[in-house]
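J.: Predicted model follows, preceded by the sequence.
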Amino acid sequence: MRALTPGIAPSRLEESAYRAVFADAHPPMSPHEALVAADRCYFCHDAPCVAACPTAIDIPLFIRQIQAGLPEAAAKTIFDQNIFGGMCARVCPTETLCEGACVREAAEGAPVQIGLLQRYATDALMDRGTHPYRRAPDTGKRVAVVGAGPAGLACAHRLAVKGHAVTVYDARPKPGGLNEYGIAAYKTPEDFAAREVAWILGVGGVEIVAERRLGRDMTLDELRQDHDAVFLGVGLQGVNALGAKGEVLPGVRDAVDFIAELRQADDLAGLPIGRRIVVIGGGMTAIDVATQTRLLGAEDVTIVYRRGRERMGASRHEQEQAAAKGVRFKHNARPIRVVGDGAAHGVEFEYVEETADGLKGLGETFLLEADQVFKAIGQCFEPGPAPSLRLNLGKIAVDAEGRTSIPGVWAGGDCAAGGEDLTVTAVAQGRDAAESIHKTLMEA
Amino acid sequence: MADLRTDFVGITSPNPFWLASAPPTDKAYNVVRAFKAGWGGVVWKTLGLDPHCVNVNGPRYGVVYGADRRVLGLNNIELITDRPLDVNLREIKQVKRDWPDRAMVVSLMVPCDEESWRTILPLVEETGADGIELNFGCPHGMSERGMGSAVGQVPEYIEMVTRWCKQHSRMPVIVKLTPNITDIRYPARAAKAGGADAVSLINTVTSITSVNLDTFSPEPSIDGKGTHGGYCGPAVKPIALNMVAQIARDPETAGLPISGIGGVTTWRDAAEFIALGAGTVQVCTAAMTYGFRVVQEMTAGLSLWMDEQGHPDLAAIRGRAVPNVTDWQRLNLNYVTKARIDQDLCIKCGRCYAACEDTSHQAINMSPDRVFEVIDAECVACNLCVDVCPVENCITMERLPAGAVDPRTGLTVSDEHADWTTHPNNPSRCAAE
Ligand SMILES: Cc1cc2nc3c(=O)[nH]c(=O)nc-3n(C[C@H](O)[C@H](O)[C@H](O)COP(=O)(O)OP(=O)(O)OC[C@H]3O[C@@H](n4cnc5c(N)ncnc54)[C@H](O)[C@@H]3O)c2cc1C
Ligand SMILES: Cc1cc2nc3c(=O)[nH]c(=O)nc-3n(C[C@H](O)[C@H](O)[C@H](O)COP(=O)(O)O)c2cc1C
Ligand code: SF4
């Protein structure tokens, strides 16, 4: 049995199993399903779902447009607020956002399926292969965007629509940010991230400059000199340290790095996977690395989180999805050391209790066998590339419009303080910064 | 167990649910299956003289949907039977013989001359059918040939044909009325004057259900062209209820037996028709949408409701609502109500707010945390919020007791009846006694 191969090994599944392993997590609705689902929307006044969407998509309107038989018109309503409406339909934790606020959740415990309806509408328009926005006449203004993630590209798209010339610099070879390198493979199959970026760039007026890193290949001052405005959407590049002994043993890896490798792998069978895996953390990254390694053939995958279940960053729905795939959970335990000689063999944990003054060790420990250990304890903003920016709680300080402490420099997405670290929040902040930049440039 | 047995102008049936003259009663195969399912009677699909009619060979129905493609209204351009007369008569005779306890009424439509009626009536009588229904209703196709609603729209013709039928047959005569007129009382009076034993209503309402926006043809489309059809189903029930009530209230036709038709879908619809004076109800669209088994819900529901309310038989409910149908000018203007929102049931959709704020009287307050409350000083009690609320009984109307002050008008509510006939703003008011 390939699954029983000890250590970290490639090809844990049968060759033929790889094709289906990351099949669409929530397959798209058929037209019939979409009409049935759309009929459940009450067209609420000042709808709570809209207030719960960070990009404030007019959800009742787009669902009414589906009801009326025009999913393409529905898509336009969505894209007007959120050009990444396609990706958000796939990755948003809707159970805590729009669907969590749906009045039918209160009434029947079954919200209108807003996420899937959004996917139905956006697919309908994107499948046409045309871009729905036309650029305003050239303003002669030039804007630099650093980071081609959802924040940077949402900003770039809105600026391009307004008629500005945008150059997007990114350190990585491909644009898309975590859409391309981070989101779980089963949420965005069939290369959707790349197809979406290409479709968004169809607006024109946006140049992507790949493998150009701020702080290494250019400075913020240079960008400011050459452009009328700068937007920073560099995400979180730093990784929190575990602070446990043995953290540097081979077999211990940063989860985000591993996921990036997984997302870029041409041949999933070639990706080495542990037989017994321990994931340390409680957020979306922990869930994603655990679920994906389990799907790739790991025998035992356990997520260990230092606080209780309800404190996990991943939603209840995400936890259930992972559990359904066979991922085990252990709560209220923190790692003390990674054991092993030459390579990790296990992790020793101590039970902890959450008290008013923080976590308190209870003295009792246990050992989980593991040949692969993933650290998914959060990323942090890495201020190196632009050291002069004022920070707020470790991230770039911004005002309501996304303006930083440096004139002419805006920021948004994960690297900016405020809002949750979600794709949809990044899109909202990038879009709003673009509006602010536009207003500023046109007043000047 | 409530007694659902029905005696309608001497025609008996185990329950008041009859299938209306339409495709469900087109042939023995259907009718036998309907009887097996529990229908109390049928009105056989309308017969005519040979050579028999033909139907279009393309689509004959159009539809109006509610949520989830629920059929709310159906429109058809079908004509009367498209089978030879003798085939129908033979089947009618056989089915009546096999199912003696069920009502077998035969619907008829022949040209408006005495000879035609004199020809067909004995043939029908020979089958042993319980009665005939004169189809003066079909608004499409047959009316172009001077039959159906072309007769039903002229009271004199109704009276004339009804009289011929009473003269040339011993069978009870039910006259089926068309709603495509301005005042239903005139055709009903004409039927009565001609000697009709009963009226049945409504037949279908003239309609175009939709237009195909690719071909610009009305639906159902026959080779790019469409014609008006007859509309039926839940959407027409309010029209039918009103017409039934008008005939029941009219002093000239009061007491004339009525078979109620139009949108009957559940036991409740039937109970409403009966409360407005109907002796039986007829059903078409509900059966065409869901099949014959729907009658089982209808009989069980009606029976259960009657048991719970202590109504032993249909006579106990028949016509009970008729005295409560009145004219607007008789409505009590001292009946003052206010909308009340049950905060426990409220799901905070805000539809009441949108409706009242945008289109009524700005009488609902919405707090920042989405608590919706009625402002009594503005509420005119129109009921719109009740109607648009998706949760049943979440918003209700509460009567202000006598002696209370209506904060909207500042007037004290009186427990006396006061209506428009005595209102000071009415130029032709009667002096108060
Ligand atoms: C594993 C994982 C799973 C996730 N799953 C979900 C999910 O299911 N749903 C959800 O809503 N959110 C999810 N998130 C969060 C979401 O991906 C982020 O919130 C979102 O991508 C942030 O967008 P951004 O544009 O701010 O940053 P990023 O997407 O991180 O993009 C930043 C870009 O900047 C570039 N860059 C960085 N530094 C420099 C530099 N110095 N010079 C030039 N370019 C630079 C990077 O290469 C990158 O392309 C997940 C995150 C992770 C890590
Ligand atoms: C397809 C179709 C054909 C009909 N044909 C006849 C008919 O031949 N004779 C008749 O009197 N009424 C006919 N009707 C009218 C029905 O008997 C009935 O009056 C009408 O449908 C209203 O009832 P409902 O709302 O239950 O359908 C027809 C209705 C339909 C839908
Ligand atoms: S009854 Fe009419 S006026 Fe009164 S609150 Fe409801 S909608 Fe407004």
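T.: Alright, I've got the coordinates. Ligands and ions are numbered 1, 2, ... in the order given.

J.: May I ask which helix or strand of the chain has the lowest mean pLDDT?
T.: No chain was given, so I picked chain A. Here the helix or strand of chain A ranked lowest by mean pLDDT, DSSP states H and E is helix A:18-21, holding a mean of 84.

J.: Hmm, no, I was thinking of chain B.
T.: Result, chain B / mean pLDDT, DSSP H and E: helix B:149-152, a mean of 86.

J.: Would that one count as contacting ligand 2?
T.: No - counting by C-beta under 6 Å from any ligand atom, ligand 2 has no neighbours in helix B:149-152; the shortest distance is 10.2 Å. For every residue, glycine as well, the C-beta is placed using N, CA and C.

J.: and that helix, what does it pack onto?
T.: helix B:155-168 (3 or more C-beta pairs under 8 Å, 6 or more residues apart in numbering or on different chains; DSSP states H and E).

J.: Can you check which helix is longest in the chain?
T.: Went with chain A since none was named. The longest helix of chain A (DSSP state H) is helix A:423-443.

J.: ah, no, chain B please
T.: From DSSP H, the single longest helix across chain B is helix B:294-309.

J.: List, one by one, the residues from the stretch 251-400 of chain B near ligand 2.
T.: Checking the stretch 251-400 of chain B against ligand 2 by C-beta under 6 Å from any ligand atom, the hits are B:261-264, B:283-286.

J.: So which of those belong to strands?
T.: When DSSP state E is applied, those are split such that B:261, B:283 fall in strands.

J.: Below-threshold pLDDT in chain B: ranges please.
T.: B:431-433 (pLDDT under 70).

J.: Let me see the ranges of the helices in it.
T.: B:28-37, B:85-98, B:114-125, B:149-152, B:155-168, B:185-193, B:237-249, B:267-275, B:285-290, B:294-309, B:351-359, B:384-388.

J.: which stretch among those comes nearest A:Gly182?
T.: Ranking the helices of chain B by distance to A:Gly182, with C-beta to C-beta as the measure, places helix B:351-359 first at 40.1 Å.

J.: who touches that closest one?
T.: Under the criterion C-beta atoms under 8 Å, 6 or more residues apart in numbering or on different chains, residues A:42-46, B:339, B:341, B:362-364, B:366, B:372, B:384-385, B:388-390, B:395 lie in contact with helix B:351-359.

J.: From these, list just the buried residues.
T.: A:42, A:44-45, B:339, B:341, B:363-364, B:366, B:372, B:384-385, B:388-389, B:395 (16 or more other C-beta atoms under 10 Å in any protein chain shown).

J.: farthest-separated two in those residues?
T.: A:Tyr42 and B:Ala363 (20.5 Å).

J.: Please name the nearest non-neighbouring residue to the closest residue to chain A within the stretch 201-350 of chain B.
T.: Minimum separation of the stretch 201-350 of chain B from chain A (C-beta to the nearest C-beta) falls at B:Gly350, amounting to 3.2 Å. Nearest residue to B:Gly350, sequence neighbours excluded (C-beta to C-beta, 6 or more residues apart in numbering or on different chains): A:His45, at 3.2 Å.

J.: from what I can see, the one you found looks like it's in a strand, true?
T.: No - according to DSSP: H, G, I helix; E, B strand; the rest coil, A:His45 belongs to no strand; its state is coil.

J.: wait, what's in contact with residue 302?
T.: As the question left the chain open, I've gone with chain A. Neighbouring residues of A:Thr302 by C-beta under 8 Å, 6+ apart: A:277-279, A:290, A:327-330, A:368.

J.: wrong one, chain B
T.: If you count contacts by C-beta under 8 Å, 6+ apart, B:Leu302 has them with B:2, B:4, B:15-16, B:267, B:270-271.

J.: could you redo the last one with a cut-off of 6 Å?
T.: The contact partners of B:Leu302, by C-beta atoms under 6 Å, 6 or more residues apart in numbering or on different chains, come to B:267, B:270.

J.: And for A:Ala74?
T.: Contacts of A:Ala74 by C-beta under 6 Å, 6+ apart are A:62, A:65-66, A:121.

J.: Contacts for the least confident helix or strand of chain B, please.
T.: So helix B:149-152 is contacted by B:112, B:136-137, B:139, B:143, B:157, B:177-178, B:180 (C-beta under 6 Å, 6+ apart).

J.: out of the residues you listed, which is most surrounded?
T.: B:Gly137 (32 neighbours; other C-beta atoms under 10 Å in any protein chain shown).

J.: looking at it, that one is touching B:Lys176, isn't it?
T.: Yes - counting by C-beta atoms under 6 Å, B:Gly137 touches B:Lys176, with 5.0 Å between them.

J.: What count of nearby residues applies to residue 165?
T.: If you meant another chain, say so; for now it's chain A. By other C-beta under 10 Å, neighbour count at A:Ala165 equals 18.

J.: To clarify, I was referring to chain B.
T.: Neighbours of B:Cys165 (other C-beta under 10 Å): 23.

J.: Excluding chain neighbours, give the residue nearest to it in space.
T.: B:Val173 (4.9 Å).

J.: Ok, A:Cys41 next?
T.: A:Ile63 (4.2 Å).
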